[in-house]
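Undergrad: output the structure for:
(one chain, ligands or ions: 1)
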Amino acid sequence: MISRVRGTRDILDLKLFNFALQTIKHYVALYHFKQIETPVLEPVELFKRSLGLETDVVSKEMFVVTSSSVEQGEESIALRPEATAATIRAFLEGSIDQVPWKVFSFGPMFRYERPQKGRYRQFYQFNIECIGAASLTQDAQIIAMLDRLFLTQFNLDNYALHINFLGTSQERAHFKATLKLFLDKQTDLCATCLKRKEANILRVFDCKTPVCQNIYTKAPQLLDCLEQESQQEWKTLQEQLKLLSVSFVVNPRLVRGLDYYNKTVFEFVSPDLGAQSAFCGGGRYDSLVSQIGGKVDQPSIGAAIGFDRLLLLLEMISNKLPLPQEPALHVIIPFEGQHSLALLLADTLIKAGLQTEVLCQGSVKTMMSKAHKKGAAYCLILGEQEQQDGTVVIKDMVKGTQETVKQIQAVSVLINR
Ligand code: HAM
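TA: The predicted structure is shown next:
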């Protein structure tokens, strides 16, 4: 047998998946986000330029396909690891001039990570972006929208919202210098952190090593390097969240794993997920548009819901969720020689909007037991007698009763049940 690729998974029952997806789509539409689609394949350069060369995603997790041809030379294509950079590319390539451009997309992302619970190499993100929105009031609304979605639409209650403020690039430059002085005095940093200290110092906070984590609890904080304007924005953001009754925790070490963020960053985390506790993350990125090649910068804010992790949380409470009821299943069971009549009857039922399946293999007894296992509400049995009389036997699989009705009346009998 050939097994699936490590870190990927098959989803064989999409009931919860579709419920969650529809719920999110419906909810974000209330905030006037419109759906877009971008390709799974993007130029490697797009992610190198936007996410940062020293990020885990770019330095070690990208799935890259290299193709070469005489005419076009060598081309490096990535299976997208995230959707923000591609959304900005689409914004620029589509010459969108109406801002804020409020869009969402859904689809698979790819990262070559060590697989574990809630961490896959192919996973789904529901991605939301608001491009061309300088006011942090948009940040407050997007964070509140996500919180409301989790709390009121999915009834999740065991999670926390972590927020932090990364300031402007000047403030970060000041902080980086202060942090460097502190880290230069540390003797126990791991090899990766030593490298990151020189190459891209904020990324040291992504380190999961307990020794490094412990050192960073005593490190200087970015929030202490904010100037007056940022301090005011940070204060207003917190006030607006409180105004909207959004509970949050300030996490001064939250820097997120990607380089494009400034000012607001946030993550929704749940202890129910174990080590991979973040099921949604996002933040503000004010310079990404120009980094990707736009002439005019467009301050923006966005987030991605880790859909697989959200599903893990929803599975735990699925009995409390208003999952849509499956429609009644009608199974047609023809005797030998009645297969064409079964096809015709199925055609009529389906045209009338009734979910119908025809079984045509095995004895009537075997087919009845298969229908039972499929959860059929009704079996429609067609024998030689029924063919001659123009009738069909309808068996109610729940009550165990049965009646013979005219074939032409079968639809109206079933619809009125
Ligand atoms: P991210 O934090 O890298 O942000 O990913 C967002 C979410 O995707 C994570 O919180 C997590 O739930 C899920 N996720 C990430 N990696 C995996 C994985 N290997 N397996 C399963 N789930 C995973 C971004 O991707 C940003 N583009 C979000 C954003 C949008 N920021 C602004 N706009």
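Undergrad: shouldn't residue 260 be within a helix?
TA: No. Assignment of residue 260 by DSSP: H, G, I helix; E, B strand; the rest coil gives coil, placing it outside any helix.
Undergrad: how many other residues sit next to it?
TA: When neighbours are counted by other C-beta atoms under 10 Å, residue 260 registers 22. Backbone N, C-alpha and C define where each C-beta goes, glycine included.
Undergrad: what's the closest non-adjacent residue to it?
TA: residue 285 (4.3 Å; C-beta to C-beta, 6 or more residues apart in numbering).
Undergrad: what do you get for residue 384?
TA: Residue 384 sits nearest to residue 335 (C-beta to C-beta, 6+ apart), 6.4 Å away.
Undergrad: the one you found against residue 364, yeah?
TA: Yes. Counting by C-beta atoms under 8 Å, residue 364 is a contact partner of residue 335 at 6.5 Å.
Undergrad: need the residues touching each of these two.
TA: residue 381 (C-beta atoms under 8 Å, 6 or more residues apart in numbering).
Undergrad: separation between the closest residue to the ligand within the chain and residue 207?
TA: Across the chain, the shortest distance to the ligand (C-beta to the nearest ligand atom) belongs to residue 306, at 1.9 Å. Plainly put, residue 306 is 21 Å away from residue 207 if you go by C-beta to C-beta, to the nearest Å.
Undergrad: just residue 258 next, same as before
TA: Distance, residue 258 to residue 207, using C-beta to C-beta: 15 Å.
Undergrad: spit out the contact partners of the residue of the chain closest to the ligand.
TA: Shown in contact with residue 306 (C-beta under 8 Å, 6+ apart): 118, 123-125, 278-281.
Undergrad: my guess is residue 128 meets residue 142, correct?
TA: Yes. Using C-beta under 8 Å, residue 128 is in contact with residue 142, at 6.9 Å.
Undergrad: looking only at neighbour counts, state which of residue 335 and residue 364 leads.
TA: A count of neighbours by other C-beta under 10 Å puts residue 335 above the other of residue 335 and residue 364, at 18 against 15.
Undergrad: so for residue 395, what's the pLDDT?
TA: Reported pLDDT at residue 395 in the predicted model: 97.
Undergrad: next, it: secondary structure please.
TA: Applying three-state DSSP: residue 395 is strand.
Undergrad: tell me where the stretch 151-300 of the chain has helices.
TA: In the stretch 151-300 of the chain, the segments counted as helices under DSSP state H, counting those that start in this stretch are 169-184, 191-199, 210-217, 228-243, 288-292.
Undergrad: tell me the strands beside the following helix or strand past the last one, with direction?
TA: Okay, so that is helix 288-292. Later in the chain than helix 288-292, the nearest helix or strand by DSSP states H and E is strand 300-306. Applying DSSP bridges, strand 300-306 is found paired with strand 122-131 (antiparallel), strand 278-285 (antiparallel).
Undergrad: go through the helix or strand just after strand 300-306 and flag the buried ones.
TA: As assigned by DSSP H and E, the chain's next helix or strand after strand 300-306 is helix 307-316. Buried positions in helix 307-316, judged by neighbour count with 16 or more other C-beta atoms under 10 Å: 307-314.
Undergrad: take these and write them to TSV, including pLDDT.
TA: Shown next, in TSV, are these (pLDDT from 0 to 100):
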residue	pLDDT
307	98
308	98
309	98
310	98
311	98
312	98
313	98
314	98
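Undergrad: quick one: contacts for the nearest residue to residue 290 once chain neighbours are set aside?
TA: The shortest distance from residue 290 to any non-neighbouring residue, by C-beta to C-beta, 6+ apart, is to residue 297 (4.6 Å). Applying C-beta under 8 Å, 6+ apart to residue 297 gives the contacts 286-287, 289-290.
Undergrad: out of those residues, which is most surrounded?
TA: residue 289 (22 neighbours).
Undergrad: is it true that that residue touches residue 129?
TA: No. Residue 289 is beyond contact range of residue 129, at 11.1 Å (criterion: C-beta under 8 Å).
Undergrad: what's around the residue nearest to residue 132 when sequence neighbours are not counted, how many residues?
TA: Excluding the flanking residues, the one nearest residue 132 by C-beta to C-beta, 6+ apart is residue 99, at 2.5 Å. When neighbours are counted by other C-beta under 10 Å, residue 99 registers 16.
Undergrad: isn't there a strand covering residue 99?
TA: No. Residue 99: not assigned to a strand; according to three-state DSSP it is coil.
Undergrad: can I see the domain layout of the chain?
TA: As assigned by automatic domain parsing, the chain contains the domains 15-167+226-320, 329-415.
Undergrad: alright, calling it a day.
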